[in-house]
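Visitor: predicted model, plus sequence, below.
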Amino acid sequence: MAIIHPFKGWLPKAELADQLVCVPYDVISTEEAAEMAKGKPDSFLHVIRPEIDLPAGTPFNDDSVYEKGAENLNRLLNSDLYSQDAQETIYIYQLESEGHIQTGIFTCASVDDYDKDVILKHELTRPDKEDDRTRHILTQQAHAEPVMLTFRDTAGISHLVDEVVSSQPPLIEQMGEGGVVHRIWRTSQTVGFVNGFASIPKLYVADGHHRCKSASRVAEVMRNSSENASGDSEFEYFPVVLFPMDQMRILPYNRVLKNVTGELFDSIKHDYNLVKTDRKVPSEKGAVCLYFKGEWWTMKLPAATGSSTVEQLDVARLQEGVLNPCFGISNPRTDENISFVGGIRGTSELEKLVDGNKFDLAISMFPTSIEELVKVSDEGQLMPPKSTWFEPKIKSGFVIHTF
């Protein structure tokens, strides 16, 4: 059963949230972070992307990057911009975007639950990214960014959330990028939440696999380096926002390809019975829309190669039935002829990339469902790379967990 751990979070002054909180580290490049941080010396970007404060060209894993991140975090926490709660608390985090509202529990999850598969994964992590996040966490002695988890609410937890939200105004309300409204509440009534999650059998990673794995590695390092560490040490937990499954919104993760000739496309058009269309987004599972030389086409995906949930996914059917045999893309993680575009950027971004000759072909996908993700996780399988794009994203810098 799932363990959650209330903690003494560090929160920013509400009136300064616009200048402090930021998008998560893994949705922007160093160059984008530097641009977003202009005129914002206290932005949390200086903590999660500290290379922006160092000379251009500094390797992302240089010792100075981790030292700078710790320096920047310590400066914020030792200023009057942030303050730490005096008692262990649970927070409520609400996202509102274009009529969609999802409200989650901002707390800590157990590293032990992650290691023992109470928290289930669906994505393969990369050692280099694990190393990077692990060093940031160890150097800062903090988990600066939360992980997004989801759960099937069978314990009335949403009712507890509603009680908090309806009984008091939010501590912080901030308008973020794309018009997304972020709201934070605090509650010291933690027992009901802890007991509720104790009856939830599984939690599922939605977004933040590398942060989960890094938290596990950090805990192992800290245990080995501390003679007096207890099983309840603060490093045994890491911050998460838990959203009920029925509130989650997944957008498609689209593909763009290089080195697609007219001859090759004509062959695919013939072999896969492509039909010209005005649609830019597939209307159902099992279909994709292709954009080539200013025209949109629809295509039915080949049948799945197996009966497992992961093999039935559209991204798997595309990979096994089209990308590998037609374009020679056997490993989409490393092949330089394929890139991925989050669905939040829309089909206009796909057209822009192709029309601007940066890529030759764009593939607009039907989104993976939350039930598909859960089934893959329950079966102990891994999703193909770039299968899901969760939107809206949770921000960094709202609640910080130190140890």
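Guide: Ah, there it is. It should be emphasised that the depicted structure is a prediction, and the values quoted were computed from it without experimental measurement.
Visitor: can you pull out the strands in the stretch 101-250 of the chain?
Guide: Along the stretch 101-250 of the chain, the stretches classed as strands by DSSP state E, counting those that start in this stretch are 119-120, 142-143, 147-151, 172-175, 181-187, 203-207, 237-244, 250-251.
Visitor: could you dump these to TSV with mean pLDDT, mean neighbour count and distance to Pro50?
Guide: Where you see a C-beta, it was placed from the backbone N, CA and C, and this is true even at glycine. Compiled in TSV, the strands of the stretch 101-250 of the chain are given as follows (pLDDT from 0 to 100; neighbours: other Cβ atoms under 10 Å; distance: least, Cβ to Cβ, whole Å):
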stretch	mean pLDDT	mean neighbour count	distance to Pro50
strand 119-120	98	22	28
strand 142-143	98	24	13
strand 147-151	97	24	20
strand 172-175	96	17	23
strand 181-187	97	20	23
strand 203-207	96	23	22
strand 237-244	98	26	19
strand 250-251	94	18	29
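Visitor: next, format the ones you listed as CSV and append distance to Lys358.
Guide: Formatted as CSV, these follow (distance: least, Cβ to Cβ, whole Å):
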stretch, distance to Lys358
strand 119-120, 37
strand 142-143, 36
strand 147-151, 30
strand 172-175, 32
strand 181-187, 32
strand 203-207, 26
strand 237-244, 34
strand 250-251, 21
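Visitor: any idea how this protein splits into domains?
Guide: Using automatic domain parsing, the domain ranges for the chain come out as 4-249+392-402, 253-366.
Visitor: can you say which of those domains is nearest to Leu373?
Guide: Closest approach to Leu373 among these (Cβ to Cβ): domain 4-249+392-402, 5.7 Å.
Visitor: kindly check the end-to-end length of that closest one for me.
Guide: 16 Å (Cα to Cα, to the nearest Å).
Visitor: ok, now stretch 386-397?
Guide: 25 Å.
Visitor: quick one: the helices in the stretch 51-200 of the chain, in order.
Guide: In the stretch 51-200 of the chain, the segments counted as helices under DSSP state H, counting those that start in this stretch are 63-77, 111-115, 127-140, 157-167, 191-197.
Visitor: and the shortest one, average pLDDT?
Guide: Across helix 111-115, pLDDT averages out at 98.
Visitor: do the same with stretch 38-46
Guide: 97.
Visitor: so how far is that stretch off the chain centroid?
Guide: 21 Å (Cα atoms, centre = their mean, to the nearest Å).
Visitor: for stretch 192-211, same thing?
Guide: For stretch 192-211, the distance to the chain centre is 15 Å (Cα atoms, centre = their mean).
Visitor: ok, stretch 44-62 next?
Guide: With Cα atoms, centre = their mean, you get 21 Å for stretch 44-62.
Visitor: endpoints of that stretch, how far apart?
Guide: 20 Å.
Visitor: for it, buried residues please.
Guide: Across stretch 44-62, burial judged by 16 or more other Cβ atoms under 10 Å covers 44-53, 58.
Visitor: Leu290: which of those residues is nearest?
Guide: Taking the buried residues of stretch 44-62 together and measuring to Leu290 by Cβ to Cβ, the closest member is Arg49, at 34.8 Å.
Visitor: how close does that closest one get to Arg126?
Guide: Look at Arg49 and Arg126: by Cβ to Cβ, to the nearest Å, they are 18 Å apart.
Visitor: again, but for Tyr253
Guide: Relative to Arg126, and taking Cβ to Cβ, Tyr253 is found at 17 Å.
Visitor: run the chain-centre distance for the longest helix along the chain.
Guide: Ranked by residue count and defined by DSSP state H, the top helix of the chain is helix 209-225. With Cα atoms, centre = their mean as the basis, helix 209-225 stands 19 Å off its chain's centre.
Visitor: please begin residue numbering at 24 from this point
Guide: Sure, I'll start counting at 24 from here, so that last one is helix 232-248.
Visitor: how far off strand 170-174 does that helix point, in degrees?
Guide: 110 degrees (axes from the mean of the first three to the mean of the last three Cα atoms, to 10 degrees).
Visitor: who's in contact with helix 232-248?
Guide: Applying Cβ atoms under 8 Å, 6 or more residues apart in numbering, the external contacts of helix 232-248 come out as 49, 134, 137-138, 142, 144, 146, 148-149, 152-153, 156-157, 159-161, 166, 168-170, 228, 252, 256, 258-259, 261, 426.
Visitor: what are the buried residues along it?
Guide: The neighbour-count check on helix 232-248 (16+ other Cβ under 10 Å) flags 232-242, 245 as buried.
Visitor: check stretch 50-58 too.
Guide: In stretch 50-58, counting by 16+ other Cβ under 10 Å, buried: 51, 53, 56-57.
Visitor: likewise for stretch 321-335?
Guide: 321-322, 324, 327, 332-335.
Visitor: so which bits of stretch 105-114 are buried?
Guide: 105, 108, 112-114.
Visitor: swap in stretch 177-192?
Guide: Quick answer for stretch 177-192 (16+ other Cβ under 10 Å): 178, 180-181, 183-184, 187-188.
Visitor: wait, which of the domains of the chain is closest to Leu405?
Guide: Of the domains of the chain, nearest to Leu405 by Cβ to Cβ is domain 27-272+415-425, at 5.3 Å.
Visitor: distance between the closest one and the chain's centre?
Guide: Its chain's C-alpha centre and that of domain 27-272+415-425 lie 11 Å apart, by Cα atoms, centre = their mean.
Visitor: and the buried residues of stretch 321-335 as a markdown table, adding distance to Thr130?
Guide: A markdown table is the format used below for those (distance: Cβ to Cβ, whole Å):
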| residue | distance to Thr130 |
| --- | --- |
| Thr321 | 44 |
| Met322 | 44 |
| Leu324 | 40 |
| Ala327 | 38 |
| Thr332 | 29 |
| Val333 | 30 |
| Glu334 | 35 |
| Gln335 | 34 |
